[in-house]
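*Asks:* Sequence and computational prediction follow.
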Amino acid sequence: MKLFKSVFLFITLSTVLVGCRVKLEPVVILTFQQKIEKLFPNAEVSKMEVKDHFTKAYQVVLDQPLDHKNPEAGTFKHYFYLSHVDETKPTVFITEGYNATPRTYELSKIFKGNQVQVEYRFYGKSRPDTIPWQYLKNDLAIEDYHKIISKLKRLYTGKWISTGISKGGETVLIHKSKYPWDVDVAVSYVAPLINAQEDSRTQNHINTIGTEECRAKITAFQQEVLKNRKAVLLEISNFATEKNMNFTELSIEEALEYSVLEFPFSFWQWGGSCEEIPNENASAKEMFNYINKIVGIGFYNDKTYYDLLPSYYQHLTELGYYGFDTTPVKDLLQVVKEPTNLRFAPKNVDLTYSPTYINEVRDFVENKGKNILYIYGEYDTWGACAPTPKPHVDALKVVLKKGSHTTRIKDFSIKDKELIYEKLQNWLGYSVTIYPLEE
């Protein structure tokens with residue numbers, strides 16, 4: 001009887017299942033681009049040329065909120081560039097401090113992983129026609145980066161490394177202080193954390209770095225350029241005509257004097273050679289060519305003035321900056337009597353500076369900022385404002401002897417590179433493969 005019931009039940013269930021077949025939906029396999037579009041539903045995603053070790057590359061344009069806490073404030077077009085290898089590989093996240101020009105960063109070559117390069121809000125292609133200055137704040141930019149990382153982590157499951165250079169490196173440190181767990185490791189290149197609108201540490205650096213003989217040559221060159229003012233101004237005028245540069249925001253007279261005042265800072269920042277500094281017998285053309293090489297007279301033309309307005313606004317309100325020493329050339333200045341970087345900032349905008357913001361960042365990275373690698377050059381003027389992690393913090397600061405603002409991991413000795421690789425390996429674990437840079 002029990003057997004009969006069991007057979008009857010089996011036949012009945014079979015009849016029901018055959019009569020009511022379950023219709024299965026087909027499995028949808030998304031392309032990689034569709035996966036990105038699913039993460040960022042309103043974004044414009046377009047393919048880019050693939051370079052180096054990457055297999056896919058995309059430009060992504062977001063409708064980024066001006067204010068993440070107030071959606072009604074509106075949005076701006078925010079650009080980032082994604083270069084893909086494998087969803088399980090490490091992802092290098094680049095916090096640009098300015099505009100973003102797509103290229104492969106050093107760390108992406110070291111890990112041969114994915115790369116996400118994000119333009120800073122209101123710079124480059126991400127700049128609105130009219131900048132709403134009240135939304136050009138570091139905290140809002142950091143929120144941009146945090147939101148992008150949070151979404152991409154649904155796609156990329158490997159280790160995350162943030163990196164940036166100069167102001168971008170500073171942004172790495174700010175981001176680390178605000179969202180310590182967004183990334184596994186942070187690598188900050190030549191980044192200052194500045195104390196004031198005119199941080200005196202940069203001038204102390206200029207007055208003491210290198211040899212006394214070299215510093216004397218720098219001063220003598222500044223004086224000779226201004227003593228030959230008329231002839232050098234003619235060279236600037238000819239150069240501007242040749243390069244189609246306009247000097248209406250600053251006159252060429254101002255450009256000359258500011259470039260002379262800027263010269264010592266830029267000389268040490270960019271690794272100038274004392275042997276190359278023209279002497280008092282140099283022609284006006286030779287003097288102009290050298291100051292143009294070190295400072296770049298184009299730095300003061302209308303286009304660069306316009307491009308750098310966001311930078312000066314940020315430096316003079318939240319990040320801090322540097323001043324100018326007129327002592328060596330005070331009697332030779334005719335136009336710029338009280339030099340200040342406020343001259344290059346946007347007009348009719350509140351430029352009140354508060355040191356609190358960067359002080360809080362410095363306090364965090366120096367006392368709690370673990371898994372941070374700092375790369376600096378000894379002669380770089382901005383290195384005078386570098387943070388120094390306390391001994392108890394698991395961080396590594398490496399300074400290249402006589403190095404400049406162009407210092408990268410590739411420039412260090414084999415021994416120092418091994419130290420860097422070992423520290424990165426310890427932080428990321430041995431599931432991550434490091435590919436040493438070629439000598």
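*Replies:* It's in.
*Asks:* Stretch 408-417: how far from the chain's middle?
*Replies:* Distance of stretch 408-417 from the chain centroid (C-alpha atoms, centre = their mean, to the nearest Å) equals 21 Å.
*Asks:* The most centrally placed residue in the chain sits in which helix or strand?
*Replies:* Centrality entry for the chain: nearest residue to the mean C-alpha point is Gly168, 2.0 Å, by C-alpha atoms, centre = their mean. In this structure, Gly168 sits in helix 167-178 according to DSSP states H and E.
*Asks:* Adjacent strands (with direction) for the next helix-or-strand element following that helix?
*Replies:* Sequence order places strand 185-189 as the next helix or strand after helix 167-178, per DSSP H and E. Using DSSP bridges, the strands paired with strand 185-189 are strand 160-165 (parallel), strand 372-377 (parallel).
*Asks:* Wait, Ser251 touches Arg343, no?
*Replies:* No. Taking C-beta atoms under 8 Å as the definition, Ser251 is not a contact partner of Arg343, at 11.8 Å. Where you see a C-beta, it was placed from the backbone N, CA and C, and this is true even at glycine.
*Asks:* buried ones in the helix holding Gly168?
*Replies:* Of the residues in helix 167-178, Lys167, Gly168, Gly169, Glu170, Thr171, Val172, Leu173, Ile174, His175, Lys176, Ser177, Lys178 count as buried by neighbour count, 16 or more other C-beta atoms under 10 Å.
*Asks:* Straight-line length of stretch 63-81, end to end?
*Replies:* For stretch 63-81, the first and last residues are 15 Å from each other (C-alpha to C-alpha, to the nearest Å).
*Asks:* now it: mean pLDDT?
*Replies:* Stretch 63-81 shows a mean pLDDT of 97.
*Asks:* swap in stretch 158-172?
*Replies:* Averaged across stretch 158-172, the pLDDT comes to 98.
*Asks:* Helix or strand with the lowest mean pLDDT in this protein?
*Replies:* When each helix and strand of the chain is scored by mean pLDDT, DSSP states H and E, helix 2-19 comes last, with a mean of 45.
*Asks:* What is the subsequent helix or strand relative to that one?
*Replies:* Per DSSP H and E, helix 2-19 leads on to helix 32-39 as the next helix or strand towards the C-terminus.
*Asks:* Run through the helices of the stretch 301-439 of the chain in chain order.
*Replies:* Remark: helices assigned in the stretch 301-439 of the chain by DSSP state H, counting those that start in this stretch are 302-307, 309-314, 356-367, 414-428.
*Asks:* Format these as CSV; extra columns: distance to Glu143, mean pLDDT and mean neighbour count.
*Replies:* What follows is the helices of the stretch 301-439 of the chain, written out as CSV (distance: least, C-beta to C-beta, whole Å; pLDDT from 0 to 100; neighbours: other C-beta atoms under 10 Å):
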stretch, distance to Glu143, mean pLDDT, mean neighbour count
helix 302-307, 24, 97, 15
helix 309-314, 15, 98, 22
helix 356-367, 15, 96, 17
helix 414-428, 25, 98, 15
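*Asks:* Export those as CSV, with columns for distance to Leu400.
*Replies:* Compiled in CSV, these are given as follows (distance: least, C-beta to C-beta, whole Å):
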stretch, distance to Leu400
helix 302-307, 28
helix 309-314, 25
helix 356-367, 20
helix 414-428, 8
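*Asks:* Out of these, which is closest to Lys77?
*Replies:* Of all those, helix 309-314 sits nearest to Lys77, with 15.0 Å by C-beta to C-beta.
*Asks:* got the CA coordinates for that closest one in PDB?
*Replies:* Taking C-alpha atoms only, helix 309-314 is exported to PDB below (Å, rounded to 0.1, in the frame of the first residue of the first chain):
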ATOM      1  CA  LEU A 309      42.700  80.500 -11.500                       C
ATOM      2  CA  PRO A 310      41.200  77.500  -9.700                       C
ATOM      3  CA  SER A 311      44.600  76.500  -8.400                       C
ATOM      4  CA  TYR A 312      45.300  79.900  -7.000                       C
ATOM      5  CA  TYR A 313      41.900  80.100  -5.400                       C
ATOM      6  CA  GLN A 314      42.500  76.800  -3.600                       C
END
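*Asks:* Now do the same for the closest residue in space to Ser200 that isn't next to it in sequence: its pLDDT.
*Replies:* Sequence neighbours aside, Gly323 is the residue nearest to Ser200 in space, at 7.6 Å (criterion: C-beta to C-beta, 6 or more residues apart in numbering). pLDDT, Gly323: 97.
*Asks:* Okay then, goodbye and thanks.
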